[in-house]
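**Q** I need the structure of the sequence given here:
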Amino acid sequence: MHFQYSQWRFLFALLSSCLFASVESAKDSSDRHVRPTFTFDQLWELQKNFWDTFLYPENLKQTQGNTSTIFTSDVQGRVDATRTFDGDELNREYIFGLFSDPNHFSIVGIPIAYNITQFTANDNIVAATTVVTFNATGFGVLLPVTIDTWMMYNEDGKMAQYDVTFRWFAYFLDYLLEGVAKKINATSPDQAVAHFTDLLATTVCDSHEQHCTGSNKQYNDHESCYDFMTKTLRLGKPHEMGRNTLLCRKIHEHMVQYRPEVHCSHIGPSGGGYCVDDMDYKQTVLQKYFNDSWIPFDYGTDQNIWLAN
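**A** Model prediction:
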């Protein structure tokens, strides 16, 4: 079989193209950010381990000691209804400490069971939906809360990033207020809101009196604290738990017991950089925050608006 000159040229060009493509592919692969790789089974177990640790009373252990078994030291976290949270210590206080006291008045209470309803995983990233049953001890009811999560793990199986959305949370708060209305025999929705506001404000100011003393003191006395919470602040909408609202200060009130020097300002008049109206809707949606992309194999990094770097 004899090749004509033009056929040889075509064959040579084809082979050269394939070789060049393979070299470029290898180069692209070597240039990509190297991630730890887990099996599907391993990522499933990491997800279950987080929720096992989240449940009361296991979550109490994460609020004690100096290091976490769950988070990396420089973990980044974001929750849609609140804000971003950096570092192991702050995240242990927020993720675990917030839901670890059945005797303290809380909006959602303590987590007692979970059911993973959606799950997909690749590389070191897990995306899942989990229905968590909370014992809302302050209201005397058991309620399911649907939580959508993205979680990213480092090579040691510790969480390096998370992104969380509380699905139907506005509906959840409406349901609680309906329960309050029935409990106090309210004749109007405003009465239920007023009672709910009183519960939140009283709890925040009680914690301030107990834990925010000396240089951490934010209000002159309980009365001035209560007046600020009920007359100056707005209660807040479900998405405003990271804004200048009473709801936001109720979230941070849980954490003043751990580090008053850090958290007392968050329940104070200034909001301490956490309970403040510093970002509008567009700024919130377009915030550049995460260090690592949520897309496996570094796809889409050239157009990912959430990447800080």
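
**Q** As a check, name the ranges of all strands in this structure.
**A** With strands called from DSSP state E, the chain shows them at 71-79, 84-86, 110-122, 125-136, 141-153, 159-167.

**Q** can you redo the ones you listed as a markdown table with distance to Asp278?
**A** All C-beta atoms are positioned from the backbone trio N, CA, C, and that covers glycine. Below are these laid out as a markdown table (distance: least, C-beta to C-beta, whole Å):
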| stretch | distance to Asp278 |
| --- | --- |
| strand 71-79 | 15 |
| strand 84-86 | 12 |
| strand 110-122 | 30 |
| strand 125-136 | 29 |
| strand 141-153 | 24 |
| strand 159-167 | 20 |
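
**Q** between these, which one is nearest to Ser207?
**A** strand 110-122 (17.3 Å; C-beta to C-beta).

**Q** List the buried residues in the closest one.
**A** For strand 110-122, burial by neighbour count (16 or more other C-beta atoms under 10 Å) applies to Ile110, Pro111, Tyr114, Phe119, Ala121.

**Q** Other residues contacting it?
**A** For strand 110-122, the surrounding residues in contact (C-beta atoms under 8 Å, 6 or more residues apart in numbering) are 38, 40, 43-44, 47-48, 51, 54-56, 59, 99-102, 126-135, 137, 142, 296.

**Q** Could you report the distance from Gly65 to Glu261?
**A** Here Gly65 is placed at a distance of 19 Å from Glu261 (C-beta to C-beta, to the nearest Å).

**Q** whoops, Thr213 was the one
**A** 11 Å.

**Q** try Leu233
**A** Distance from Leu233 to Glu261, by C-beta to C-beta: 23 Å.

**Q** which of those two has more neighbours?
**A** Each of Leu233 and Glu261 has its neighbours counted (other C-beta atoms under 10 Å); Leu233 has more, 21 against 11.

**Q** still on that earlier bit, a markdown table for the strands of the chain, including mean pLDDT and distance to Val276?
**A** A markdown table is the format used below for the strands of the chain (pLDDT from 0 to 100; distance: least, C-beta to C-beta, whole Å):
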| stretch | mean pLDDT | distance to Val276 |
| --- | --- | --- |
| strand 71-79 | 97 | 16 |
| strand 84-86 | 97 | 13 |
| strand 110-122 | 98 | 28 |
| strand 125-136 | 98 | 27 |
| strand 141-153 | 97 | 25 |
| strand 159-167 | 98 | 21 |
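
**Q** how does the protein divide into domains?
**A** Here the domain parsing of the chain from the TED database is 35-167, 169-289.

**Q** Reformat those as JSON lines; add distance to Gln303.
**A** Putting the domains of the chain into JSON lines (distance: least, C-beta to C-beta, whole Å) gives the following:
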{"stretch": "domain 35-167", "distance to Gln303": "18"}
{"stretch": "domain 169-289", "distance to Gln303": "13"}
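
**Q** which stretch among the ones you listed comes nearest Asn309?
**A** Evaluated over the domains of the chain, closeness to Asn309 peaks at domain 169-289, with 8.6 Å, by C-beta to C-beta.

**Q** start to end distance for the closest one?
**A** 23 Å (C-alpha to C-alpha, to the nearest Å).

**Q** and if you look at stretch 203-219?
**A** End-to-end distance for stretch 203-219, by C-alpha to C-alpha: 14 Å.

**Q** tell me the average confidence for it?
**A** On average, the pLDDT along stretch 203-219 is 98.

**Q** What lies in contact with it?
**A** Residues contacting stretch 203-219 (C-beta under 8 Å, 6+ apart): 104-105, 221-222, 225-226, 228-229, 246, 249-250, 253-254, 256-257, 260-261, 264-265, 267-269.

**Q** and if you look at stretch 290-300?
**A** Residues from elsewhere that reach stretch 290-300 (C-beta under 8 Å, 6+ apart): 32-33, 35, 76, 78, 122-123, 125, 150, 152, 160-161, 163, 301, 304, 306-309.

**Q** Can you turn the buried part of those residues into a PyMOL selection?
**A** Selection of buried members from the contacts of stretch 290-300 for PyMOL, criterion 16+ other C-beta under 10 Å:
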select buried, resi 35+76+78+123+125+150+152+160+161+163+307
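
**Q** Chain neighbours aside, what residue packs nearest to the residue nearest the centre of the chain?
**A** The residue lying closest to the centre of the chain (C-alpha atoms, centre = their mean) is Val79, at 3.2 Å. Closest residue to Val79 apart from its sequence neighbours, by C-beta to C-beta, 6 or more residues apart in numbering: Val164 at 4.7 Å.
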